[in-house]
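> structure of the sequence below:
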Amino acid sequence: MIAINTSSEHWNLYRTVTHCILGYKKLLLSYSGGLDSTVLLDILTKLRNRIDHFTSSPFILRAIYVNHGISNDADKWASHCSDQCKTRGIPFSVIHINCYNSENKRRNTEALARNLRYKKLYDHLDSKEILLTAHHMNDQAESLLLALKRGSGPSGLSGMSKNTLYANKYRLLRPLLDCSREQLEIYAYNKKLDWIEDDTNSDTRFDRNFLRIKILPSIYQRWPHFNQVVARTAQLCKDQESLLNELLSESLKKLIDESDGSLLFSPLFQCSIPKRQALLRRWLLNFSIKMPSYQLVNRIWKEVVLSRRDATPILQLDKCLCRRFREKLYILPVNMKCSLNKIKLSWNIMYNAFILPYNLGKLIYQPLSINECLSKNSFNTHLNINFSLNMSYNFSEKNKKVLTHCFVRAPKSDEKISIMFGNIDGLLYILGRNHGRHLKKIWQELGVPPWLRSRIPLLFYNKTLITAIGVFITQNGKITNKTTILWKISWLQNILFHKIFKNSVRYHLE
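Numbers count the residues shown, from 1 in each chain. This is a model prediction of the structure:
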């Protein structure tokens, strides 16, 4: 067993880390090789080896080093981290990110490196594994000052949390957040730990380094306990945000459509500006849009909500889009921005499957006899609109796919099959409607949002539209008493698109 120095300072550190990780069985430490993460690595190693001494519970620990591609010494640091972990019997791995590719060259390197690092770390978490970082109280002070520089509100000023759940999926722990840098330095020197000094930490072009080197030393000299006061301020801001969440939760719940996450914005006209801003910001947080700024929320209101009634506004928010349709706001994947209008593809019926473009899934047809369908009670006994509109959904959790089914008459021997996307000319006569209508009017009547209209596959026999798969069937695709063979058309969608599709398309055909 490893002997542990039980001096009060060391004991407090062990206790603090123990309380934070208590109950978690699998831990992944983001290990840079610097003083902070080396101290945390050493403490975790001792806790792992002497569980009984600290009334903790058994856990599995591994470490990972992120090579940002910024420093020329990164490979040497990775080797150092590997040696430190090997000495302690800790499994170790390295991941690489590139902050300087052509796509990112104009972006804030500091923020970009942080975002890419966390994304890579989350991607490398095993099942039920928890991510740990070595942020401490002084880091919290820097974060609050940076939030002040950005003009953040209480949410931004609440700083980092000791225990955070990201995207309702990944848990991040910061066990040292209540500890000062001075405490960690004392531990490291007393334990004679070996760590590296990152030369980029002295580059004051980076905002955090500028604060750490140029600003905070003077502040600490005048107010030695400044970091503790900042931590208390951050906690007060966090408490205020929690209170606002509690007070606004019922109001927000009434505005959100649970089926698709859209927000009914018309009641917001009756709210004060601060309340409206707060509700919009909390709605955006549901889509992992971190700390939406005042400017962003204001742009959504002015450019999307208040745009002309006949407009189709689009506001891009990094990797997603904000759009408006029928008094509601929607957050969509950024790839929903492009239109697939006027794409036409032939379907060789020698193959029962047809791969759709742009990751829309695939179509599968299955010939069925009327007698077979009736014997299995697949349809209503009235051979008319009711069973022509028999559409259903099957979800496969394993493959994250959904099947949307519809049933139409089979093509004749002289009819060629094709798939089109987008608008088509002329009047259409669909089941459930007595009069002909243009496709744009049908989309509007059935409540199909503009961003879906060019992504719904249209099945043609020769030049005749048979069905907009999963949405409506035309009179030309109707199954009648004289129909002997029908086609079951199944649209296999990826789960993300299906969620947008199924929850947006509202058809109410009798």
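> in three-state terms, label the most centrally placed residue in the chain for me.
Computing the C-alpha centroid of the chain and ranking residues by Cα atoms, centre = their mean puts residue 288 first, at 5.3 Å. Following DSSP: H, G, I helix; E, B strand; the rest coil, we place residue 288 in the coil state.
> list the residues that contact it.
Contact analysis of residue 288 by Cβ atoms under 8 Å, 6 or more residues apart in numbering lists 166, 167. For glycine as for every other residue, the C-beta is placed from the backbone atoms N, C-alpha and C.
> do residue 466 as well
408, 409, 459, 460, 473, 474, 476, 477.
> any idea which element it lies in?
strand 464-468 (DSSP states H and E).
> need the next SSE after that strand, C-terminal direction.
strand 472-473.
> what's the burial count for the closest residue to residue 240 other than its chain neighbours?
Here the nearest residue to residue 240 in space, its sequence neighbours aside, is residue 154; by Cβ to Cβ, 6 or more residues apart in numbering that works out to 4.9 Å. Burial of residue 154 is recorded as 18 neighbouring residues (other Cβ atoms under 10 Å).
> distance of residue 154 relative to residue 221?
According to Cβ to Cβ, to the nearest Å, residue 154 and residue 221 sit 29 Å apart.
> and what of residue 111?
29 Å.
> next one: residue 151
Distance, residue 151 to residue 221, by Cβ to Cβ: 27 Å.
> and residue 410, what's its pLDDT?
We have a pLDDT of 91 for residue 410.
> the helices in the stretch 351-500 of the chain, which residues?
For the stretch 351-500 of the chain, applying DSSP state H, counting those that start in this stretch gives helices covering 370-375, 385-388, 439-445, 450-453, 495-504.
> count the residues that sit near residue 259.
10.
> ok, it to residue 313 distance?
Between residue 259 and residue 313 the computed distance is 23 Å (Cβ to Cβ).
> OK, contacts around the residue nearest to residue 240?
Counted by Cβ under 8 Å, 6+ apart, residue 154 has contacts 237, 240, 241, 244.
> try it again at 7 Å.
237, 240, 241 (Cβ atoms under 7 Å, 6 or more residues apart in numbering).
> same question, residue 93
Neighbour list for residue 93: residue 64 [criterion: Cβ under 7 Å, 6+ apart].
> that one belongs to a helix?
No: membership of residue 93 in a helix is not supported by three-state DSSP, which gives strand.
> how close does residue 229 sit to residue 144?
Look at residue 229 and residue 144: by Cβ to Cβ, they are 10 Å apart.
> ok, these two, which is more surrounded?
Neighbours per residue, other Cβ under 10 Å: of residue 229 and residue 144, the larger number sits with residue 144, 22 against 11.
> got the contact list for the more buried one?
Residue 144 neighbours (Cβ under 7 Å, 6+ apart): 157, 159, 230, 233, 234.
> among the residues you listed, which one sits closest to residue 191?
Of all the contacts of residue 144, the one with the least separation from residue 191 (Cβ to Cβ) is residue 230, at 27.4 Å.
> circling back to that earlier point, who wins on neighbours among the contacts of residue 154?
Per-residue neighbour counts (other Cβ under 10 Å) across these peak at residue 237, which has 20 neighbours.
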